[in-house]
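K.L.:
what's the 3D shape of this:
(one chain, ligands or ions: 2)
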Amino acid sequence: MQQSPIVEIQNVSFGYEAARPVLREVTLAIPRGSVVGIMGQSGCGKTTLLRIIMAAYMPTAGTARVLGAATSTLDRERLYAMRRRMGMLFQFGALFTDMSVYDNVAFPLHEHTSLPEELIHDLVMLKLQAVGLRGAAHLMPAELSGGMARRVALARSTALDPQLMLYDEPFTGLDPISFGVIVRLIRELNDSLGATSIIVTHDVQEALGVVDYVYFMAAGRVIAQGVPDEVRGADEPFVHQFVNGLRDGPVPFHYPAPEYGADLELAGS
Ligand SMILES: Nc1ncnc2c1ncn2[C@@H]1O[C@H](COP(=O)(O)OP(=O)(O)OP(=O)(O)O)[C@@H](O)[C@H]1O
Ligand SMILES: [Mg+2]
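P.N.:
Ligands and ions are numbered 1, 2, ... in the order given. Take a look at the predicted model:
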């Protein structure tokens, strides 16, 4: 029997203001166990889509089914229960600066479980071992490099063994080596936890190495999708531009704005 997808977005539309739709009839499915990339230009609606999936916002049309239930049907209690099965690592996802690495990772365990301290200790060590930082447990965040801090954040966001992980630009500001380390860790953690992961990123080339499937978004719509090899070979001009990092192509560089001259103070005087 085929298992139902862990996330199923059907014809979802959404706008922060009624007059300006940000997501337009988005349909996608994230199969259990997979790592799926969501890519697209800045402002196309990727973070907004994650917010719909974590039920921070409800679709204005269509349905978002996450971990077995349509988000708009959940009461407060079930919503919290659903979020506890999810882990999130957001852009600049910061550590608590006044807590050690150990305490950062232990935090969600203290907050959401009543496990005995010895067990929490062993779980923290297990999570830190998985990201290669067991030896750094006693350090404070200020003593970590950017890549190490990101790995600790990763350990913290997986502390409760989430079934669904959401990553929003987890690589921002990392050098290529740390970046490669994180992207592989995301894959390994996903597979060892038996989780499902969604990665939002601009960093196409690196992400294509570990994801099972990719969705491309533009202006609030899904405009292309496929397995990494299909995406690499795509003729679709937008995907080609994006995958090859070309500045010129169908994606405009500028946010819609009035005529440049009209925006310059001196031009009219
Ligand atoms: N809280 C908010 N209130 C109002 N408008 C918002 C809000 N968050 C985002 N937007 C608008 O929604 C649109 C999509 O934003 P979103 O953050 O989803 O883009 P993104 O694809 O994640 O971009 P980036 O790659 O730069 O992070 C943008 O036009 C943005 O201005
Ligand atoms: Mg974003």
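K.L.:
Going by C-alpha atoms from here, please, whenever you check contacts or count neighbours.
P.N.:
Fine.
K.L.:
what's the closest non-adjacent residue to residue 106?
P.N.:
Distances taken as C-alpha to C-alpha, 6 or more residues apart in numbering place residue 124 nearest to residue 106, at 6.0 Å, with adjacent residues excluded.
K.L.:
mind listing what that neighbour touches?
P.N.:
102, 105-106, 159 (C-alpha atoms under 8 Å, 6 or more residues apart in numbering).
K.L.:
Most neighbours among the residues you listed, which one?
P.N.:
In terms of neighbours by other C-alpha atoms under 10 Å, those top out with residue 105 at 30 neighbours.
K.L.:
right, and it touches residue 160 too?
P.N.:
No: the pair residue 105 / residue 160 is not scored as a contact, 9.8 Å apart, by C-alpha atoms under 8 Å.
K.L.:
hang on, the earlier thing: could you check how far the residue nearest to residue 106 is from ligand 1?
P.N.:
From residue 124 across to ligand 1, the span is 31 Å (C-alpha to the nearest ligand atom, to the nearest Å).
K.L.:
where does that residue land in three-state SS?
P.N.:
Secondary structure, DSSP: H, G, I helix; E, B strand; the rest coil: residue 124 is helix.
K.L.:
how far does stretch 88-101 sit from the chain's center?
P.N.:
15 Å (C-alpha atoms, centre = their mean, to the nearest Å).
K.L.:
Tell me what the residue most central in space within the chain is bridged to.
P.N.:
Per C-alpha atoms, centre = their mean, the C-alpha nearest to the average position across the chain is that of residue 167, at 2.2 Å. Beta bridges link residue 167 to residue 89, residue 199 when assigned by DSSP bridges.
K.L.:
What residues does the chain have near ligand 1?
P.N.:
Within the chain, the positions lying close to ligand 1 (C-alpha under 6 Å from any ligand atom) are 16, 22, 41-48.
K.L.:
a markdown table for those, including distance to residue 210 and secondary structure?
P.N.:
As requested, these are exported to a markdown table (distance: C-alpha to C-alpha, whole Å; DSSP: H, G, I helix; E, B strand; the rest coil):
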| residue | distance to residue 210 | secondary structure |
| --- | --- | --- |
| 16 | 32 | coil |
| 22 | 28 | coil |
| 41 | 20 | coil |
| 42 | 22 | coil |
| 43 | 24 | coil |
| 44 | 23 | coil |
| 45 | 23 | coil |
| 46 | 19 | helix |
| 47 | 20 | helix |
| 48 | 23 | helix |
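K.L.:
Buried ones only from those, please, as a ChimeraX command.
P.N.:
Selecting the buried subset of the residues of the chain next to ligand 1 in ChimeraX, with 16 or more other C-alpha atoms under 10 Å as the burial test, is done by:
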select :22,41,44,45,46,47,48
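K.L.:
Now pLDDT and distance to residue 215 too, for the residues of the chain next to ligand 1, in TSV please.
P.N.:
Below are those laid out as TSV (pLDDT from 0 to 100; distance: C-alpha to C-alpha, whole Å):
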residue	pLDDT	distance to residue 215
16	96	22
22	96	16
41	85	12
42	87	15
43	90	15
44	92	12
45	95	12
46	95	10
47	93	14
48	96	15
